[in-house]
Every structure is written in structure tokens, then in C-alpha cells.
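Novice: I would like the atomic coordinates for the input below:
(chains A, B, C and D)
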Protein chains: 2
Amino acid sequence: MLLSKSCIYALRASVLIASKKNDGFITIRELSDELNISFHFLTKVLQEMTKAELLESYKGPNGGVKLARPANKITFMDVVESIDGNYMINECVLGLPGCGVMKPCALHDQWSVLKTDIINMMNEYNLEAIAKNRELQRSFERKSAQLANL
Amino acid sequence: MLLSKSCIYALRASVLIASKKNDGFITIRELSDELNISFHFLTKVLQEMTKAELLESYKGPNGGVKLARPANKITFMDVVESIDGNYMINECVLGLPGCGVMKPCALHDQWSVLKTDIINMMNEYNLEAIAKNRELQRSFERKSAQLANL
DNA sequence: GTATATTAAGATAAAATAGTCTTAATACCA
DNA sequence: TGGTATTAAGACTATTTTATCTTAATATAC
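Specialist: Next up is the predicted model:
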């Protein structure tokens, strides 16, 4: 698995937040219900995002969480790093300590190319774009469901 | 982490076996010593590779394990699948069940491209090639260490 | 101020992964 | 046949990840 479950939850939740064109706070309960994720677990995950200053939180009635920056200023990578750290960037596929340009492992060069692509994608893709794509995919899905029912 | 530790151990051990141009059996003890991996744990991992028919094993004196096929007939992917299963192929980055062409998640298309590259690399790269590359990397490392000592 | 809504934090439990230890099975050799 | 080397298998432990539950802190509204 490339990303931990916590990280996947963080991504899904933040994309959902981004897709709600809503300046106000959204309760974690609403997110956990919609995403079918345990409320308490999601709370913890989003707490980490809050600490990483990707989210802002507010307690009490009308409280909840919201993006700390415009959705197009939060990258896929920002979210991944806030939860899983930057393991992806400096970790060797074979888990060898010190693997790098000066002491490459047998898979270093081949993996570097792929890793660079993944990192670039994560850096270039942001929550706004992902949320837009999500809407696109969902409307496509609805249409093909309609077609299937003809 | 892309690959589990068990899988990484399997890869490292099988590359080491491939790099020993030796038709006979190699003891797991020798492998575990050289790779600094717990003997018992490596034994279990290699047992799975034996079950998957990537390795042959033999008990008793002069026993051990060896590749069941020529090193260039065992791909990176073979080893990964024998330990971690084929999760990489059919799993969604966002962990969504049913994610696919007909019901793509928000990251499906972007991830598909990267995933295909990873899968291709794993299918094309085999133990012989990795072992050769390992030797190359090691000699490079030795040379740069010499240069550093001038 | 009191009741209520909400996130924060901590304690605990469950599950998955990683690692160790012991015993069994098998093969060789003398 | 008996002793030794080796993988196979199972029991057990430890660690990490995931999940749940409880309590605390904070904000609102009446």
C-alpha cells in the first residue's frame, strides 16, 4: 500500500471539504457520515492536519473544520506529508539505510524515475483540481448508470 | 511504504542468490548473515517463495535454497506477488472498493498512469538484471570510496 | 451561569505486521 | 543406526497501525 489508511482518510476528507463550496466550518461528523469513516478516527486524523496548518478548526456550535488556505494552494503532497511524513521522498524501495546517489541500491535508479513522477504528480495536483475531477467522475458515473438502466 | 518488509527481504535475498553464480543450494543462514536479516524471519519469507515455486529448497547437509528458474525468468513482479499478493494491480490509491474505469475515484486516472509505469518496470525487470545492476552499483561505490580516500 | 455542540486529548482495545523461539521433518554421512 | 545439518511449521512475543471509548476543553445560545 502506497499510502496509510490514515492518509487515505485525510485525502478523502480534505477533497470532500474542498468540493463543498462553503466558506464556513463543516463538522467532522458530517464528513465521517458521508465518507463512512469512524468519526473518532477521522477526528484524530484531521487533528494532525490541523497541527500541520492545512486545516483550521473551531469548537462549539457552528464549529468544525475548514481548509486553512484556498483549495488550490493545498497540494496532494501537503496532505500526504502531514500524515505519512516525507518517507516517500527519502526512502529506498529496498529499505536500505543510506541508499542514494553515492550508495545506490540495485533498484535505486529505476525506482528514482518512478518516484520522481509520483512526487511531481503529488506536488502539481491540488485539492481544488482533485475536487473538480471528483465531480467530473461522479457525473460520468451517474450517466453510465442511467445508460445501464435503459 | 510501497512494499512490506517481508517483501523487501524476499527481494534482497533473491537478488543475492541470483548474484551468486552458483548452481547449488545456498543456506538461509548464509543469506541472513550477509543481509543482516533475522534467520528465522527470512526462513519464513523464503518458505513463501518456495510455495510460490520461485525457489527450490532442500533439507539436510548441503541443502538450502536456490532459484527454481534461471534468474532472468523471475521478474521483480514475481517476487512481489509471491509475498505481497497482487494488491498493487487492482488496488485504488484512495482505498475505494470498486474503483475502476466504470467508477473511477478522483485520483484514478492520474494514478493509473503512474501505476502502469510501476507495474511495467516490475514486469520487465528480472533478478538477473537487478543482480547485474547491483554489482555495477557496488563497484561504483567502491571506486568513489577510493577517490574519497586520496 | 447552564445546557448543548463541537473539537482535543488520552486511555484502551483490536488487528495487522514483524520478529523470536521451539519442535518437527527430512536428508546426509559416518 | 545414530548424529548432525538443514528447511518446515507452529507457538509465542513485540511493535505498529487502526479503531473505539471516555473525558476534557472550548465555544455558543438561551
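Novice: every contact and neighbour count from this point should use C-alpha atoms.
Specialist: OK.
Novice: flag every buried residue along the helix or strand bottoming out on mean pLDDT in chain A.
Specialist: Least confident helix or strand, chain A: helix A:87-90 with a mean of 80, by mean pLDDT, DSSP states H and E. Within helix A:87-90, the residues that count as buried by 16 or more other C-alpha atoms under 10 Å in any protein chain shown are A:Met88.
Novice: around DNA strand C, pick out the residues from chain A.
Specialist: Within chain A, the positions near DNA strand C by C-alpha under 7 Å from any atom of the strand are A:26-29, A:40, A:43-44, A:46-47, A:50, A:57-65.
Novice: out of those residues, which end up buried?
Specialist: A:26-29, A:43, A:46-47, A:50, A:57, A:64-65.
Novice: pull the longest helix from chain A.
Specialist: helix A:127-148 (DSSP state H).
Novice: apart from its neighbours in sequence, what residue is nearest A:Trp111?
Specialist: Nearest residue to A:Trp111, sequence neighbours excluded (C-alpha to C-alpha, 6 or more residues apart in numbering or on different chains): A:Val93, at 7.2 Å.
Novice: surely the one you found meets B:Leu2?
Specialist: Yes. A:Val93 is within contact range of B:Leu2, at 7.3 Å (criterion: C-alpha atoms under 8 Å).
Novice: give me the element A:Val113 is part of.
Specialist: Using DSSP states H and E, A:Val113 sits within helix A:108-124.
Novice: repeat that for A:Thr50.
Specialist: helix A:39-51.
Novice: hmm, the helix or strand following that helix touching DNA strand D?
Specialist: Once the chain leaves helix A:39-51, the next helix or strand it forms, by DSSP H and E, is strand A:55-58. Yes. Strand A:55-58 lies within reach of DNA strand D by C-alpha under 7 Å from any atom of the strand, at A:Tyr58.
Novice: quick one: residues contacting A:Ile37.
Specialist: Taking C-alpha atoms under 8 Å, 6 or more residues apart in numbering or on different chains, we find A:Ile37 in contact with A:Tyr9.
Novice: looks to me like it is in a strand.
Specialist: No. According to DSSP: H, G, I helix; E, B strand; the rest coil, A:Ile37 belongs to no strand; its state is coil.
Novice: fine by me, we can end here.
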